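# output the structure for:
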Amino acid sequence: MSETKFIKWPKNATPEYIAARNELTKAELTLRNQIESVAEMRRALPLGAPMPDYTFASGPSSSTNTPTSHTITLADLAADGRSVVIYHMMFAEDEDKPCPMCVSFVDALNGVGQHIAQRVNLAIVAKAPLEKLLEWGRRRGWSQVRLLSSQGSDFNKDMDMECPGWMPECKQAPGISVFRKDGEGVVRHVYTQLPNFDLETGRGMDLLSPLWNLLDMVPEGRNDFDVGFSYLEDVC
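Numbering: from 1, shown residues only. Coordinates of the predicted model:
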């Protein structure tokens, strides 16, 4: 790689820094190529299992001209032929607060929601009652993502997001799932990503988070940082 074309440091950098940065650049390029290779494999997955037409409760939506709460099905979400991306939020029926980590993910997704909407249909699904979910949406300013309640549906259980074997202590588990309608109009499962690739790590969804990717760029790293709803003592 030519140093004159890709300068990533000030001109007065030390030889020690330049040597270390060049080695890092090689490693970053290898990682970038591997990430793209894996993404290509992911995109090439055949369509998976056909899905039941689950029904969700949805709040008012300006994008669909629905001023009141209503029901919507998985087939409705996929009706335009685009992929459906669902974020599974840890927020059980009997809980008053969702998982702070899930909140940070939805904060990030909401921030780029208008851009995501140009390509795919994104929805945030939680088992909590719709009013609880919408209240959190109002508090967090989630105006760019669709919030759906799966209360009364088997969706979470069928997707292994309810007291799952890989995280049995959790009433509801986090994850990202992708669905797409096939040529016959049947909605099929495409892909699910969990925080656990295995029992050794909980970082399986990190690439979706600008928070963790940014912290990985600084000398301090992540350290013992954990997310919260707020970082002001007088604000919930």
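# just the buried residues of stretch 213-233, please?
V227 (16 or more other Cβ atoms under 10 Å). Backbone N, C-alpha and C define where each C-beta goes, glycine included.
# again but with stretch 172-186, I slipped
Buried, per 16+ other Cβ under 10 Å, within stretch 172-186: 172-181.
# ok, which stretches of the protein are strands?
Using DSSP state E, the strands assigned to the chain run over residues 55-58, 70-73, 84-88, 121-126, 146-149, 175-181, 187-193.
# tell me the strands beside the fifth one, with direction?
In its sheet, strand 146-149 lies beside strand 55-58 (antiparallel), strand 121-126 (parallel), with partners assigned from DSSP bridges.
# could I get the average pLDDT for the last one?
Averaging the model's pLDDT scores along strand 121-126 yields 98.
# alpha carbons of it, as PDB, please.
These are the backbone C-alpha positions of strand 121-126, laid out as PDB (Å, rounded to 0.1, in the frame of the first residue of the first chain):
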ATOM      1  CA  ASN A 121     -38.600  -2.000   6.000                       C
ATOM      2  CA  LEU A 122     -37.300  -1.800   9.600                       C
ATOM      3  CA  ALA A 123     -39.400  -2.500  12.700                       C
ATOM      4  CA  ILE A 124     -38.700  -2.700  16.400                       C
ATOM      5  CA  VAL A 125     -40.600  -5.500  18.000                       C
ATOM      6  CA  ALA A 126     -41.100  -6.000  21.800                       C
END
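# quick one, it and strand 175-181 angle?
Put simply, strand 121-126 runs at 130 degrees to strand 175-181, going by axes from the mean of the first three to the mean of the last three Cα atoms, to 10 degrees.
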